[in-house]
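Visitor: Following is a predicted model, sequence given first.
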Amino acid sequence: MSIVDLPLDQAPRRPDITRSVCRGAARHLRERGYATVTEMTFANGRRGDIVALSPSGDLLVVEVKSGIEDYRIDGKWPDYRDYCDAFLFAVAPEFPAEILPEDVGLIIADGYGGALIREAPRHPLAPARRKALTIAFGRLAAARLAGLEDPAALR
């Protein structure tokens, strides 16, 4: 369910906002030519909300924030920088973007799409880490596709 699908008298819940922003941000990235996966786990145990692979092999990590409280209680986002060429936040249009750090990218998104508000500074990955992450990205995407084609195979 997206925020736009909620009854008018019901405020969106945090999981609904997260799902909506994630969908819109991923849609925006795909429109820009990126392949995307959600919930990709890195070697440090952290899990990126969206990981995007560009046609040239650049990797982005996008951390979705559902609201101010979600942002303030989550101090783990700097740990993602070691696993991407660029790091971005994705937030809903109502989110006060001015509280986010200026040294990260920013996507404003809803359930239908998104807009890149601030380009993310680049910090290129080391070649060995890029290779490992690209392989992990491909394997995750392939496993999820296989699960759609043959759900019994994943049991």
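Guide: All right, it came through fine. Worth saying up front: this structure is predicted, and the values here are computed from it rather than measured.
Visitor: Just checking the distance from the helix or strand hosting R130 to the centre of its chain.
Guide: Per DSSP states H and E: R130 is located in helix 127-149. Remark: helix 127-149 is offset 16 Å from the chain centroid, using CA atoms, centre = their mean, to the nearest Å.
Visitor: My guess is A26 contacts T36. True?
Guide: Yes. Applying CB atoms under 8 Å, one finds A26 in contact with T36, separated by 4.6 Å. C-beta coordinates here come from the backbone N, C-alpha and C atoms, glycine included.
Visitor: Comparing these two, which residue is more hemmed in?
Guide: A26 (25 against 20; other CB atoms under 10 Å).
Visitor: Residues that sit against both of A26 and T36, list them.
Guide: I50, A52 (CB atoms under 8 Å, 6 or more residues apart in numbering).
Visitor: Now name the helix or strand holding the residue most central in space within the chain.
Guide: Closest to where the C-alpha atoms of the chain average out (CA atoms, centre = their mean) is I50, at 2.3 Å. Secondary structure from DSSP H and E places I50 in strand 47-53.
Visitor: Mind listing what's buried along that strand?
Guide: G48, D49, I50, V51, A52, L53 (16 or more other CB atoms under 10 Å).
Visitor: In the residues you listed, find the pair that's most separated.
Guide: D49 and L53 (14.9 Å; CB to CB).
Visitor: the strands in this structure, which residues?
Guide: Counting by DSSP state E, one finds strands in the chain at the ranges 35-41, 47-53, 59-65, 86-91, 105-110, 113-118.
Visitor: Just send these back as JSON lines, with mean pLDDT too.
Guide: Conversion of the strands of the chain to JSON lines gives the following (pLDDT from 0 to 100):
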{"stretch": "strand 35-41", "mean pLDDT": "98"}
{"stretch": "strand 47-53", "mean pLDDT": "97"}
{"stretch": "strand 59-65", "mean pLDDT": "97"}
{"stretch": "strand 86-91", "mean pLDDT": "98"}
{"stretch": "strand 105-110", "mean pLDDT": "98"}
{"stretch": "strand 113-118", "mean pLDDT": "98"}
